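Visitor: Give me the fold of what follows.
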Amino acid sequence: MKLIQTLIVAITLSLSSLVSASTLDDIMKTGVLKVGTTGDFPGWSYKNPDTNEYEGYDIDVAKKLAEDMGVDLEFVATDWKNLVSGVVASKYHMTSSASITAKRALTAGYSNSYYGTGTVAMTLTKNLDSIGSWDNINNDSTTVAVTLGTVFENEAKKSFPDAKLVMVEAPAREYQEVLSGRADVSLTSKVDAMKLISLYPELSIINLDEPKNAKLFAILLPRGDQEWINFINHWIADQKNKGFFSQTASKFGL
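Guide: Residues are numbered from 1 along each chain as shown. Have a look, this model is predicted:
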């Protein structure tokens with residue numbers, strides 16, 4: 001009987017240690033914070049081809065977090081289609097920011113949000129007057145481009161059921177279809193679009209003053225790891241209070 005009780009206690013303690021193990025513990029043990037990022041989001045997460053380095057708002061957020069944790073930072077390349085599966089499969093400890101959606105939240109966890117934006121449509125400046133407005137996009141003579149795996153894919157299907165939909169896979173981007181003439185319109189966030197029109201003056205935003213489908217950005221995390229989620233949320237609250245997020249947004253003109 002004593003042997004059985006000893007075994008039960010040992011098994012219970014072993015299971016308890018497994019359950020309580022957190023991503024946070026792993027990061028502190030290895031001394032490395034791994035962040036999955038797409039590198040195709042100018043102003044947020046962009047891999048500069050000239051330097052081969054990541055830059056942008058989300059990159060500075062990750063750097064600040066690693067600095068405050070006292071660990072090294074490793075960026076792990078991913079794409080929008082695999083962003084959620086990568087954090088679920090522990091390919092990285094967290095992601096750069098992503099729009100909060102119920103579909104993603106069914107599989108992965110989220111931090112609290114620290115930024116918000118809306119969806120806009122872009123077209124060639126020379127076609128801006130002929131398209132006119134967001135409502136005019138929904139017809140069978142208009143081709144709309146989106147990047148596969150982004151929230152804009154579903155938004156295009158819901159908002160423009162009569163339009164022709166072109167889905168491009170990363171590392172290609174939807175706006176490139178407009179630049180090449182293969183699509184009339186592309187969908188992205190307002191913050192992304194503002195950066196793109198500064199890089200490509202031939203592009204214009206159709207609904208600049210009336211972005212659609214307001215959404216919040218947050219960090220994707222392992223869904224069942226509440227200890228890690230809590231730590232990130234406490235850190236976000238602290239940095240909001242200190243003005244870090246607003247200062248970083250200003251730095252990148254967001």
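Visitor: Okay, helices next: where are they in the chain?
Guide: Per DSSP state H, the chain carries helices over the ranges 2-20, 23-30, 57-69, 83-88, 102-105, 128-131, 151-159, 174-180, 190-199, 226-242, 244-251.
Visitor: T95 is nearest to which of these?
Guide: Checking the helices of the chain against T95 by C-beta to C-beta gives helix 83-88 as the closest, at 5.7 Å. C-beta: built from backbone N, CA, C; applies to glycine.
Visitor: what mean pLDDT does that closest one have?
Guide: Average pLDDT, helix 83-88: 95.
Visitor: If we go by neighbour counts, what in it is buried?
Guide: Of all the residues in helix 83-88, those buried under the rule 16 or more other C-beta atoms under 10 Å are L83, V84, G86, V87.
Visitor: Return the member of those nearest to S189.
Guide: L83 (14.9 Å).
Visitor: Quick check: that closest one vs G70, distance?
Guide: L83 sits 27 Å away from G70, going by C-beta to C-beta, to the nearest Å.
Visitor: picking that back up, for the buried residues of helix 83-88, please prepare TSV with the additional fields distance to F41.
Guide: Formatted as TSV, the buried residues of helix 83-88 follow (distance: C-beta to C-beta, whole Å):
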residue	distance to F41
L83	11
V84	16
G86	16
V87	17
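Visitor: Tell me the one of the residues you listed nearest G36?
Guide: Taking those together and measuring to G36 by C-beta to C-beta, the closest member is G86, at 4.9 Å.
Visitor: who's in contact with the most centrally placed residue in the chain?
Guide: Geometric centre of the chain, nearest residue: A98, 2.5 Å, by C-alpha atoms, centre = their mean. For A98, the contacting residues are L83, R104, F217, A218, I219, L220, by C-beta atoms under 8 Å, 6 or more residues apart in numbering.
Visitor: Repeat that for V76.
Guide: Counted by C-beta under 8 Å, 6+ apart, V76 has contacts K34, V35, G36, T37, G86, K91, Y92.
Visitor: 6 Å - rerun?
Guide: With contacts defined as C-beta atoms under 6 Å, 6 or more residues apart in numbering, V76 is in contact with K34, G36, Y92.
Visitor: From S85, how far off is the last one?
Guide: In other words, Y92. In terms of C-beta to C-beta, Y92 sits 11 Å off from S85.
Visitor: Ok, the first one next?
Guide: Relative to S85, K34 is positioned 15 Å away (criterion: C-beta to C-beta).
Visitor: now the second one
Guide: As defined by C-beta to C-beta, G36 lies at a distance of 10 Å from S85.
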